[in-house]
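Peer 1: Take a look and give me a structure for this.
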Amino acid sequence: MDQCHTNDLISLELALEKLLSNTKTVTGTEIIPLTSSAQRIIATDLISPINVPPFDNSAMDGYGLCFADWDGKTPLPVAGKSFAGKPMEGELKAGCCIRIMTGAPIPQGVDTVVMQESTEQTEQGIIFTQPIKKGSNIRKAGEDIAQGSAVFPAGTLLTTAQLPLIASLGISDVTVYRRLKVAVFSTGDELQAVGQPLADGQIYDTNRFTVRLMLEKLNCEILDFGVLPDSPEKLKQTFIEADQQADLVISSGGVSVGEADYTKQILDKLGSIGFWKLAIKPGKPFAFGKLSSSWFCGLPGNPVSAALTFYQLVQPLIARLSGHSQWCTPLRFKVPVTTPLKKTPGRLDFQRGILTADEQGQLHVATTGHQGSHVFSSFSLANCFIVLERERGRVEAGEMVEVEMFNYLLKSE
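Peer 2: Sure, this is the predicted structure:
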């Protein structure tokens, strides 16, 4: 991978293209119980071993008959019953009908089911009070899922939308990609681990905490190397250890050009890393490339910048590495903004916003307030990004803006 030491800002789209065009799914699969497969990604097409439904069955409570036996006026005697779990044995007698319930198997000889609301019971049998259509109210075997058909393609994330369906097929084990191993650490003498007392000039390491939370939601196996001091020897040793153990290494801080930013110097020796200046706000400094055994992403040091670059760049990268081929970017759409927004042309701006609906059901968005890259409280108030075009300037109340709803990584509810 070519080194990227340029003063030109690159677009988010180009950065994402560089990430995804250079990477592919990490190999390695395992067979696990379906009951333990939530949030895992299937590695092979899931093929149905059975028909769903497994047999022709009734879609209604009512009466089953042979359509040819109905003349429009003659009552048909009831010659049997078919209930769900207790099917009628044998076949339908000519000139008769059967009582049948929803989900019950269709006996031989029955080709039509009439709902009970369209029938009348008499001493001679059942009269059908509405016109009958041959084949009505019968669910055919394999109508929902045919035996041998692909139910879900490889690369599908298994959630509550997929797992009950797989269980209904009687499948007890699934082949999934192994969990992605991700090493994380933060750099900087000013950082202190959460829970420890702060010394003069120190701040808490919220970036690594935030990254860990999002990695957990992405079901990654996390290797936490903690907070590292601004020591070239310590940084180099940690990078080597992390590279040996992980598929992806994520650091926070040290990717801009500063007096104590040793990360760039070390990575130039250990791998092929691009240090980019992104045309986005917040989150201009970002690093990406290949170490000897793993991929590397370097996030900015400011908390909001680190969270945003993870969300917009690392999240789709992890989807690619994990084999999640069904992943897609969050939906964007335009709504009016109710508050003015400060904006300087030059970078794509992701401001944190609050999307709400008025009494008429019309959507509109407002800013959460101060948008500084150190103000993480803006995330706790927001439910979306207000995405302002690169060359757009100040936005006045009432103008249309594009919003991107938070997905499950950032949702607070």
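
Peer 1: And the pLDDT at Leu198?
Peer 2: We have a pLDDT of 83 for Leu198.

Peer 1: ok, it - contacts?
Peer 2: Leu198 is in contact with 192, 204, counting by CB atoms under 8 Å, 6 or more residues apart in numbering. Where you see a C-beta, it was placed from the backbone N, CA and C, and this is true even at glycine.

Peer 1: can you check Phe379 too?
Peer 2: With CB under 8 Å, 6+ apart, Phe379 has these contacts: 304, 307, 352, 410.

Peer 1: what do you get if the cut-off is 7 Å, keeping everything else the same?
Peer 2: 307, 352, 410 (CB atoms under 7 Å, 6 or more residues apart in numbering).

Peer 1: Check Lys281 too.
Peer 2: Counting by CB under 7 Å, 6+ apart, Lys281 touches 347, 349.

Peer 1: Please tell me how far it sits from Ile386.
Peer 2: Distance, Lys281 to Ile386, by CB to CB, to the nearest Å: 12 Å.

Peer 1: What of Cys328?
Peer 2: The gap separating Cys328 from Ile386 is 20 Å, by CB to CB.

Peer 1: do Gly135 as well
Peer 2: Distance of Gly135 to Ile386, computed by CB to CB: 54 Å.

Peer 1: Tell me which of the two has more neighbours.
Peer 2: The neighbour comparison of Gly135 against Ile386 (other CB atoms under 10 Å) goes to Ile386, with 27 against 11.

Peer 1: Need the three-state assignment for that one.
Peer 2: Three-state assignment for Ile386 (DSSP: H, G, I helix; E, B strand; the rest coil): strand.

Peer 1: Pull the contacting residues for it.
Peer 2: Taking CB under 7 Å, 6+ apart, we find Ile386 in contact with 337, 341, 351, 353, 365, 367, 401, 403.

Peer 1: Just name the closest of the residues you listed to Leu228, please.
Peer 2: Gln351 (31.7 Å; CB to CB).

Peer 1: Pull out the buried positions in stretch 24-36.
Peer 2: Buried residues in stretch 24-36, counting neighbours by 16 or more other CB atoms under 10 Å, are found at 25-26, 34.

Peer 1: could you dump the contacts of Ile386 to TSV with neighbour count?
Peer 2: Listed next are the contacts of Ile386 as TSV, based on neighbours: other CB atoms under 10 Å:
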residue	neighbour count
Val337	23
Leu341	22
Gln351	25
Gly353	30
Val365	24
Thr367	21
Val401	20
Val403	23
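
Peer 1: which regions of the stretch 301-413 of the chain sit below the pLDDT cut-off?
Peer 2: For the stretch 301-413 of the chain, the stretches with pLDDT under 70 are 371-376, 412-413.

Peer 1: can you give me the strands in it?
Peer 2: Taking DSSP state E, counting those that start in this stretch as the criterion, the stretch 301-413 of the chain carries its strands at 332-336, 348-357, 363-367, 384-388, 400-405.

Peer 1: can you check the stretch 1-150 of the chain too?
Peer 2: Assigned strands in the stretch 1-150 of the chain, in chain order: 29-33, 46-47, 57-58, 62-65, 78-82, 97-100, 112-115, 119-121, 126-128, 138-139, 150-152 (criterion: DSSP E, counting those that start in this stretch).
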